[in-house]
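Asks: Here is a sequence with its predicted model. Questions after.
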Amino acid sequence: MLNYFVEDFKRKNNVDITRNPRSLRRLKTACEKAKRMLSFKLVTTIEIDYLCEGIDFSSSITRVKFEEINMDLFNECIKTVESCFNDSKIEKSSVDDIVLVGGSSRIPKVQELLSDFFDGKDLCKNINPDEAVASGAAVQAALLGTTDFKNVPNLALRDVTPLSLGILVKGDIMSVVIPRNTSRSRASDNNLLGFFYLSCTPGAPCDHPLEVCFTIDDNGILTVSAKEKSTGNTNEITITNDKERLSADEIKKLIQEAEEYRAEDEKFLRKAKVMNELDDCIYKLRNALKNKDVALKLSSQKVENINNAITVATNLLDRNNQQSEVEVLEDHLKELKSMLEDLVFKTKLVSFFSN
């Protein structure tokens with residue numbers, strides 16, 4: 001990313017900042033912040049006053065561009081993981097949990113490539129990547145430093161939840177919160193433990209953010225709470241009885257089904273995610289065209305092209321899910337994303353699309 005912006009500055013101002021160590025350090029610091037922002041946003045902007053020779057610097061970069069210029073580094077990360085398995089003679093299918101280590105493991109593309117390497121397995125994100133090595137080292141030091149394991153009482157492992165726990169999200173997708181690698185991709189194919197209602201802002205979009213928290217104690221008692229961010233409304237449910245619980249045989253059957261239908265579930269999940277992304281792009285583009293500031297900066301032909309693309313994509317979503325191939329949906333998603341990014345750069349409405 002640093003090289004990308006060095007070239008961008010040189011192209012715009014005909015000045016090579018690599019000859020100025022102080023300017024290079026300032027730009028590198030800004031790039032580090034931009035890299036972190038792109039883990040949560042589709043586009044971010046770097047702004048540095050008097051970067052070099054009194055010239056102010058302002059430039060934007062999208063997550064897609066960031067991934068493109070760093071793909072060789074991302075692939076090297078995966079090659080390193082693959083090399084570890086080859087050297088240790090361990091099959092990746094024998095891995096139960098994948099723990100992320102290091103701040104750069106927060107990069108969405110790195111997580112995507114890592115999950116793909118493990119055949120779509122969910123990553124363990126409940127440990128701070130910046131602290132993962134230190135936590136593991138502390139536990140190992142405690143084990144090596146004493147023969148009295150009573151000094152490390154918290155290391156007792158209890159299997160309080162043999163199945164994955166999660167929630168239903170748009171598109172009948174099972175969004176796993178506590179992973180055990182046993183869930184079905186369709187929420188309707190999983191066992192319903194309970195539900196509750198949460199009041200949201202009237203007229204809010206379907207992808208309005210909620211905070212959902214799962215808490216499970218040593219006895220397997222599950223408490224699920226949710227908070228609507230804009231209003232602060234909360235609600236929760238506690239599963240304490242055995243009414244919704246499964247027997248050992250039923251649990252075993254579900255685990256077998258998860259393995260048996262893994263390929264089918266992966267196909268469904270891929271398609272459902274693309275459809276959700278497509279729906280989200282349609283929503284953002286429609287809202288953008290309603291914005292007067294945006295409309296004034298676009299030609300009538302451009303507006304017509306966007307509306308036509310929205311109509312085609314909407315028709316694809318309205319049809320029976322089985323009739324639209326995932327590759328067709330992905331092509332239209334790519335087209336709409338390109339239009340969305342083009343609007344960002346042409347109108348400078350970065351915050352408008354970064355929700």
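Replies: That came in fine, so what should we check first? A quick note: this is a predicted structure, and the numbers were derived from the prediction, not measured.
Asks: what are the ranges of the strands in the stretch 251-355 of the chain?
Replies: Counting by DSSP state E, counting those that start in this stretch, the stretch 251-355 of the chain has no strands to list.
Asks: outside of the strand ranked longest in the chain, which residues touch it?
Replies: The single longest strand within the chain, with elements called by DSSP state E, is strand 43-52. For strand 43-52, the surrounding residues in contact (CB atoms under 8 Å, 6 or more residues apart in numbering) are 5, 9, 13, 15, 17, 20, 23, 26-27, 30-31, 34, 37-38, 56-63, 341, 344, 350, 353-354. (Each C-beta comes from the backbone N, C-alpha and C, glycine too.)
Asks: What of stretch 61-69?
Replies: So stretch 61-69 is in contact with 1, 3-5, 34-35, 38, 41-46, 74, 108-109, 337, 341, 344, going by CB under 8 Å, 6+ apart.
Asks: Now do the buried residues in it.
Replies: Buried residues in stretch 61-69, defined by neighbour count with 16 or more other CB atoms under 10 Å: 61, 62, 63, 66, 67.
Asks: Sort out which of these are in strands and list them.
Replies: 61, 62.
Asks: Out of the buried residues of stretch 61-69, which comes closest to residue 229?
Replies: Ranked by distance to residue 229 (CB to CB), the buried residues of stretch 61-69 are led by residue 63 at 22.6 Å.
Asks: which residues touch residue 210?
Replies: 198, 200, 226, 227, 228, 229.
Asks: Residue 92 too?
Replies: Listed by CB under 8 Å, 6+ apart, the contact set of residue 92 reads 85, 117, 118, 119.
Asks: Against residue 95, how distant is the first one?
Replies: Read it as residue 85. Counting by CB to CB, to the nearest Å, the gap from residue 85 to residue 95 is 9 Å.
Asks: Out of the contacts of residue 92, grab the one that's most surrounded.
Replies: Neighbour counts for the contacts of residue 92, by other CB atoms under 10 Å, peak at residue 117, which reaches 17 neighbours.
Asks: ok, it to residue 90 distance?
Replies: For residue 117, the distance to residue 90 equals 13 Å [CB to CB].
Asks: Likewise for residue 22?
Replies: For residue 22, the distance to residue 90 (CB to CB) stands at 47 Å.
Asks: try residue 170
Replies: According to CB to CB, residue 170 and residue 90 sit 37 Å apart.
Asks: still on that earlier bit, which among the contacts of strand 43-52 end up buried?
Replies: 5, 9, 15, 17, 23, 26-27, 30-31, 34, 37-38, 57, 60-63, 341, 344, 353.
Asks: Could you pick out which of those are located in helices?
Replies: 5, 9, 23, 26, 27, 30, 31, 34, 37, 63, 341, 344 (DSSP state H).
Asks: what's the pLDDT at the first one?
Replies: pLDDT, the model's per-residue confidence, is 94 for residue 5.
Asks: Same question for the third one.
Replies: Reading off the per-residue confidence, residue 23 sits at a pLDDT of 92.
Asks: what helices or strands is the helix ranked longest in the chain leaning on?
Replies: Taking DSSP H as the criterion, the chain has its longest helix at helix 262-290. Counting contacts by 3 or more CB pairs under 8 Å, 6 or more residues apart in numbering; DSSP states H and E, helix 262-290 is packed against strand 173-178, helix 300-318, helix 326-347.
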